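Asker: please find the sequence and the predicted model below.
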There are 2 protein chains.
Amino acid sequence: MLQLTKRTEYGLIALVHMVDRRGDFVSAREISERYHVPRRLLAEVLKDLARAEVVDSQRGATGGYALARPAEEVTVGEVVAALEGAPKLAGCETLEPSSAGGECDLEPSCPIRSPLQRIREGIWQQMQRTTLRSLVEPVFHITNLKRVDPESTLI
Amino acid sequence: MLQLTKRTEYGLIALVHMVDRRGDFVSAREISERYHVPRRLLAEVLKDLARAEVVDSQRGATGGYALARPAEEVTVGEVVAALEGAPKLAGCETLEPSSAGGECDLEPSCPIRSPLQRIREGIWQQMQRTTLRSLVEPVFHITNLKRVDPESTLI
DNA sequence: AGAAAGAGCACCGATCTGGTGCCAATTGAC
DNA sequence: GTCAATTGGCACCAGATCGGTGCTCTTTCT
């Protein structure tokens, strides 16, 4: 439904929380209690983020999770990709265009494949331009794009 | 999964097809055979587009569907909204902010509500800027936005 | 009258989503 | 060494969504 999942929402909540504690390892329990999110589900999400090397994990009594990189270098797109896969806007599309070519059985009559793909890439790039830092300090990241032709249409 | 549904895909295919035949009423059967799309499902989609006044419908032997407005005035966002509802990026968000205020039970501790909402609005605005015309004549709509600060982050 | 088209509604199976249970492995604190 | 707290891995569940279909009714042209 063109909607981010709870997994991504919880993941972003956790990551933003970690920004404040750079260096410290925070447990899934702490985050789940702080923001009232299901602990077990959050742990599942953080595990995936650790696998994607967005966070470092540490086991044991004082273990937990910490950002693997500075908040400026972690993008929302990366988080989304790790937690729900690269977004596809239509079934016939893949983010990395398969070298084998289209197995889309609407081809070659499908008239919207390419345009839809560009919409998806616009959304995708937008998420990849949005860093974790910008989620923490919104004023730091007001759009610096300037409209050149007011009648133009993006994408 | 941040993915447009088949309904939207089929709807856009049908609409793009109608652009070529402005004024003519084309039947769901014609479109379904032309693009190998399930006829009954396509009919369901076109019915919703008619209800949203994106297309006009005409019953009877020579009936069918036609664009209710010029292709320049129909946006992808409008189509998506008609076929799968306004996109929400997280469950706690609504497109039209309810005047009653947040019933989000993560509040007020949720640190990402506002940023996520801006991401969603960015995606949403992008789809609303994309017209049906731009899907038909892609060269007409290369992005006219100019990067002012290459280090900046959108949203 | 008959054929062709949309309108409405109910329904189905498959998949995805949110969430939980259980247990093993790791590690610091006592 | 023991214990408690933590992550890791797997399986599982109920509900929602999604893609798709069946059937009937109404409308309209021929």
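Answerer: Yep, that arrived.
Asker: burial of residue A:34, as a residue count?
Answerer: Residue A:34 is flanked by 14 other residues according to other C-beta atoms under 10 Å in any protein chain shown. C-beta here means a position set from N, CA and C on the backbone, and glycine is covered the same way.
Asker: name the SS class of it, please.
Answerer: Three-state assignment for residue A:34 (DSSP: H, G, I helix; E, B strand; the rest coil): helix.
Asker: I'd guessed it sits against residue A:20; true?
Answerer: No. Using C-beta atoms under 8 Å, residue A:34 is not in contact with residue A:20, being 10.8 Å away.
Asker: correct me, but residue A:37 touches residue A:13?
Answerer: Yes. At 6.6 Å, residue A:37 and residue A:13 qualify as touching, with contact defined as C-beta under 8 Å.
Asker: host element of the residue in chain A positioned nearest to DNA strand C?
Answerer: Residue nearest to DNA strand C within chain A: residue A:60 (2.2 Å; C-beta to the nearest atom of the strand). Taking DSSP states H and E as the definition, one finds residue A:60 inside no helix or strand.
Asker: where does it land on pLDDT?
Answerer: pLDDT, residue A:60: 96.
Asker: how close does it get to DNA strand D?
Answerer: 5 Å (C-beta to the nearest atom of the strand, to the nearest Å).
Asker: one more: residue A:75?
Answerer: From residue A:75 to DNA strand D the distance is 21 Å (C-beta to the nearest atom of the strand).
Asker: what ranges do the strands span in chain A?
Answerer: For chain A, the strands defined by DSSP state E cover A:55-58, A:64-67, A:145-147.
Asker: would JSON lines of those strands with mean neighbour count and distance to residue B:124 be doable?
Answerer: Converted to JSON lines, the strands of chain A look like this (neighbours: other C-beta atoms under 10 Å in any protein chain shown; distance: least, C-beta to C-beta, whole Å):
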{"stretch": "strand A:55-58", "mean neighbour count": "17", "distance to residue B:124": "29"}
{"stretch": "strand A:64-67", "mean neighbour count": "21", "distance to residue B:124": "29"}
{"stretch": "strand A:145-147", "mean neighbour count": "12", "distance to residue B:124": "16"}
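Asker: now render those as TSV, adding distance to chain B.
Answerer: Listed next are the strands of chain A as TSV, based on distance: least, C-beta to the nearest C-beta, whole Å:
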stretch	distance to chain B
strand A:55-58	16
strand A:64-67	15
strand A:145-147	5
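Asker: what residues does chain A put near DNA strand D?
Answerer: Neighbours of DNA strand D within chain A, by C-beta under 7 Å from any atom of the strand: A:1, A:27-30, A:43-44, A:46-47, A:50-51, A:57-65, A:91.
Asker: please check these and keep the buried ones.
Answerer: Listed as buried from the residues of chain A next to DNA strand D are A:27, A:28, A:30, A:46, A:50, A:57, A:64, A:65; burial here means 16 or more other C-beta atoms under 10 Å in any protein chain shown.
Asker: am I right that the fifth one is in contact with residue A:65?
Answerer: This points to residue A:50. Yes. Using C-beta under 8 Å, residue A:50 makes contact with residue A:65 at a distance of 6.7 Å.
Asker: and the strands of chain A: which comes nearest residue A:84?
Answerer: Nearest to residue A:84 among these is strand A:55-58 (16.6 Å), distances taken as C-beta to C-beta.
Asker: list the helices and strands that closest one packs on?
Answerer: If you count contacts as 3 or more C-beta pairs under 8 Å, 6 or more residues apart in numbering or on different chains; DSSP states H and E, strand A:55-58 packs onto helix A:39-51, strand A:64-67.
Asker: contacts for it next, please.
Answerer: A:15, A:18, A:25, A:46-47, A:49-50, A:63-68 (C-beta atoms under 8 Å, 6 or more residues apart in numbering or on different chains).
Asker: now these in JSON lines, with pLDDT and distance to residue B:76?
Answerer: Output for the contacts of strand A:55-58, formatted as JSON lines (pLDDT from 0 to 100; distance: C-beta to C-beta, whole Å):
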{"residue": "A:15", "pLDDT": "95", "distance to residue B:76": "30"}
{"residue": "A:18", "pLDDT": "95", "distance to residue B:76": "36"}
{"residue": "A:25", "pLDDT": "97", "distance to residue B:76": "44"}
{"residue": "A:46", "pLDDT": "98", "distance to residue B:76": "35"}
{"residue": "A:47", "pLDDT": "97", "distance to residue B:76": "36"}
{"residue": "A:49", "pLDDT": "98", "distance to residue B:76": "32"}
{"residue": "A:50", "pLDDT": "98", "distance to residue B:76": "37"}
{"residue": "A:63", "pLDDT": "96", "distance to residue B:76": "46"}
{"residue": "A:64", "pLDDT": "97", "distance to residue B:76": "43"}
{"residue": "A:65", "pLDDT": "98", "distance to residue B:76": "38"}
{"residue": "A:66", "pLDDT": "98", "distance to residue B:76": "40"}
{"residue": "A:67", "pLDDT": "97", "distance to residue B:76": "36"}
{"residue": "A:68", "pLDDT": "97", "distance to residue B:76": "36"}
